[in-house]
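Colleague: Got a predicted structure plus its sequence, pasted below:
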Amino acid sequence: MIHIRPAGERGHTNWGWLDSHHTFSFGDYSDPDHVSFRSLRVLNDDRVKAGAGFGTHGHRDMEILSYVLEGALEHEDSSGGGGVIRPGEVQFMRAGSGVTHSEYNHSKTDSVHFLQIWIVPDSRNLAPAYGQKSFDREAARKAFVLLASREGRNGTIQVHQDVDVWVTLLAPGIRREFRLRPGRHAWVHVARGTVLINGTELREGDGAAVSNEEALAFLGTESAEILLFDLK
């Protein structure tokens, strides 16, 4: 079963400096039908104007990933973590027992477009942690590339939850398959472009909740960037 979450039905916040679309309930946007999917709690599609950003604020008991699509995002937190990420890199913060952080557009002239992802951990009060890793975008043009996993396998970001986070890049006409293990679920997010998933078209910003499917067949109808969350 595949349930489509159209981009146009997401929550929307515009504060001038921030233009954000919320796949799930977030902040002042409340949608009882879309609070989360399995352990995936937040998937925000954020655009931040040049020189602007989120001032210092707190989090706890959440695994937080940032994935940049365009521009550069600067991060600093109370655990000592910090850095600038650009396309081809993933940033991770374990809020755990409590952490404060800030996120700013690193550029004074160009906007930044990124995805903010929250995953509910399997344990509370974990020690805060920070990580930043690059991935091979050329490899992602040929297959699904693993970004994060419970065991941190193959040098990926390690998260405290039974979830694998994958990315792939599809050119027009390219087909790719992702097989799901028995009892697994998936959330698919089309970050850019247009793609057919098991024959159903998804466009930029669309999402899909997947259950009781053995495999997902992807066909690029225009250049597409896709994140896939393989969930318990």
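Modeller: Sure, I can see it. Numbers count the residues shown, from 1 in each chain.

Colleague: Could I get the CA-only coordinates of stretch 179-188 as CSV?
Modeller: This file holds the C-alpha atoms of stretch 179-188, laid out as CSV (Å, rounded to 0.1, in the frame of the first residue of the first chain):
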residue,chain,number,x,y,z
ARG,A,179,13.4,-3.9,-2.0
LEU,A,180,11.9,-3.8,1.5
ARG,A,181,12.5,-6.6,4.0
PRO,A,182,9.4,-8.3,5.4
GLY,A,183,7.6,-6.2,8.1
ARG,A,184,9.4,-3.0,7.0
HIS,A,185,7.9,0.3,6.1
ALA,A,186,9.2,3.2,4.1
TRP,A,187,8.7,7.0,3.7
VAL,A,188,9.7,8.4,0.3
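
Colleague: tell me which residues in it are buried?
Modeller: Neighbour-count burial for stretch 179-188 flags 180, 184, 185, 186, 187, 188 (criterion: 16 or more other CB atoms under 10 Å). In short, each C-beta sits where N, CA and C put it, glycine included.

Colleague: tell me which of those residues is nearest to residue 12?
Modeller: Nearest to residue 12 out of the buried residues of stretch 179-188 is residue 187 (CB to CB; 19.6 Å).

Colleague: Let me know the average pLDDT across the helix or strand harbouring the closest one.
Modeller: Assigned by DSSP states H and E, residue 187 belongs to strand 185-192. Mean pLDDT, strand 185-192: 98.

Colleague: do stretch 44-61 as well
Modeller: In the prediction, stretch 44-61 has an average pLDDT of 93.

Colleague: related to what we said a few turns ago, and the next element down the chain from the strand holding residue 187?
Modeller: Moving toward the C-terminus from strand 185-192, the next helix or strand (DSSP H and E) is strand 194-197.

Colleague: Output the contacting helices and strands for that following strand.
Modeller: strand 200-203, strand 215-220, strand 224-231 (3 or more CB pairs under 8 Å, 6 or more residues apart in numbering; DSSP states H and E).

Colleague: Quick one: residues in contact with that strand.
Modeller: Applying CB atoms under 8 Å, 6 or more residues apart in numbering, the contact partners of strand 194-197 are 2, 170, 188, 201-204, 208, 216-222, 224, 226.

Colleague: Cool, thanks, talk later.
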